[in-house]
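[1] Structure here, sequence nowhere to be found:
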């Protein structure tokens, strides 16, 4: 609703103007009154109403001076002037400063209503234009962030667009990442991804310097900008983990993050992101209070094999299959013991724990979002024995699959 301020040194006129206009019908709701120009200016500075209806002759500050003060404040306010015969020099002075109309006293009710209605129409059109312009800018910004993070924009174009969109190209460090929904079915749910972004959006906005949007598949993508590394990386970890917690709390959905390495040039963001996206690692909690953690460093040092991260991604894509170090050794034509040693060194946990973690998280999702029995869930996430699955599930969550499902069904109903 738009705000209105009525200013006249005669209280009966102010009260009458409140009554004769169909304010609500024209979109006006907050109607205030002042009896002199100084009091009106105070209200204007505090409330910034959209429409001012003012008399010319008032104590302390007349209508001309009041309008001059408003224009000095550069407020986008519509003004209707109430005048008497012989006030035309004053009206002319106010017209130069910009007014919607001037009405002679006694006020014609129909003319006043028509003027207020026209003001309302102009305000609505301008608001629609502002919203449309903002949407256009947001679309351009989303497109530029996508092209930047996927490395499909030229350096000179990025610099030009960055200035227009107020993107920081002078940070000391940059780190891209993508937050994805765990599970093959969930990963295809565009509405779910949109809901995830709605939750993450206000959380990411709390980080001092980061740029985020959705990619063309609906996943949330982010570029964090750091002036100095350790504290800023810790802060970004806090933000990402908060996105995880809030998504699971409100959507009963688990996220995982693919983090690119930290780079010192904005044009290297695309390369860093391609490496992260291709060598995906399931991280359900980004370590905090450590600048360069083991999990984030894996695959970046020359003496560590990127194979482990390919293997981690393979698990994310194939958790429902019969997976073990032996079967993977056959699939990848390697030695099971050596693969296991490399995986634990590079990922920071044994392969069996990693596989179990992925399967349990997917089982949680299926139990909450699908009408599957524990036996059906066990088979869909790769457990051949339902009794073993229930035992592992209770050990990891503190509840049996049936208890977990009932608990979250009750939570959704509250």
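    Done, it's in. Note that the coordinates shown come from a computational prediction; the quantities given were computed from them, not determined experimentally.
[2] Doesn't residue 213 belong to a strand?
    Yes - under DSSP: H, G, I helix; E, B strand; the rest coil, residue 213 sits within a strand.
[3] what pLDDT does it get?
    Residue 213 carries a pLDDT score of 91 in this model.
[4] Repeat that for residue 243.
    So, for residue 243, pLDDT stands at 92.
[5] Now the host helix or strand of it: buried residues?
    Following DSSP states H and E, one finds residue 243 within helix 229-251. Going by neighbour count (16 or more other CB atoms under 10 Å), the buried part of helix 229-251 is 232-241, 243-244, 246-248, 251. Bear in mind the C-beta positions are built from the backbone N, C-alpha and C, glycine included.
[6] list the helices and strands it packs on?
    strand 173-181, helix 190-204, strand 220-226, strand 255-259 (3 or more CB pairs under 8 Å, 6 or more residues apart in numbering; DSSP states H and E).
[7] Work out the gap between the first one and the centre of the chain.
    The gap between the average C-alpha position of strand 173-181 and the chain average comes to 15 Å, counting by CA atoms, centre = their mean, to the nearest Å.
[8] One more: stretch 146-157?
    21 Å.
[9] do the same with stretch 45-56
    The answer for stretch 45-56 is 34 Å, by CA atoms, centre = their mean.
[10] Numbering from 878 from now on, please.
    Okay, using 878 as the starting number, the last item reads as stretch 922-933.
[11] if you average pLDDT over it, what comes out?
    Here the average pLDDT along stretch 922-933 is 86.
[12] Report the buried residues of that stretch.
    Within stretch 922-933, judged by 16+ other CB under 10 Å, the buried ones are 926-933.
[13] Starting from residue 1218, give me the distance back to the residue nearest to the spatial centre of the chain.
    Centrality entry for the chain: nearest residue to the mean C-alpha point is residue 1078, 1.8 Å, by CA atoms, centre = their mean. Computed with CB to CB, to the nearest Å, the distance linking residue 1078 and residue 1218 is 42 Å.
[14] got TSV for the helices and strands packed on helix 1106-1128, with distance to residue 1205 and mean pLDDT too?
    Listed next are the helices and strands packed on helix 1106-1128 as TSV, based on distance: least, CB to CB, whole Å; pLDDT from 0 to 100:
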stretch	distance to residue 1205	mean pLDDT
strand 1050-1058	22	88
helix 1067-1081	30	93
strand 1097-1103	30	91
strand 1132-1136	20	81
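[15] Can you check which of the ones you listed gets nearest to residue 900?
    Using CB to CB as the measure, helix 1067-1081 is the one of these that comes nearest residue 900, at 33.5 Å.
[16] what helices or strands is that closest one leaning on?
    Checking 3+ CB pairs under 8 Å, 6+ apart, helix 1067-1081 ends up next to strand 1050-1058, strand 1087-1091, strand 1097-1103, helix 1106-1128.
[17] Which one of the helices and strands packed on helix 1106-1128 lies nearest to residue 1272?
    Judging those by CB to CB, what sits closest to residue 1272 is strand 1132-1136, at 21.5 Å.
[18] Low-confidence ranges, the stretch 1128-1277 of the chain, go.
    1154-1184, 1186 (pLDDT under 70).
[19] For the chain, just list every one of the strands.
    Using DSSP state E, the strands of the chain run over 879-884, 905-911, 928-932, 955-960, 978-981, 1050-1058, 1087-1091, 1097-1103, 1132-1136.
[20] Indicate which one of these is closest to residue 1041.
    strand 1087-1091 (13.7 Å).
[21] Next, the buried residues of stretch 1267-1287.
    1267, 1269-1270, 1274, 1278, 1281-1282, 1285.
[22] Dump those residues into CSV; add distance to residue 1042 as well.
    Converted to CSV, the buried residues of stretch 1267-1287 look like this (distance: CB to CB, whole Å):
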residue, distance to residue 1042
1267, 52
1269, 48
1270, 47
1274, 44
1278, 48
1281, 45
1282, 46
1285, 41
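[23] Can you name the two of those that sit furthest apart?
    1269 and 1285 (18.6 Å).
[24] one step back: pipe the helices and strands packed on helix 1106-1128 into CSV and attach distance to residue 979 per row.
    Formatted as CSV, these follow (distance: least, CB to CB, whole Å):
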stretch, distance to residue 979
strand 1050-1058, 57
helix 1067-1081, 46
strand 1097-1103, 53
strand 1132-1136, 60
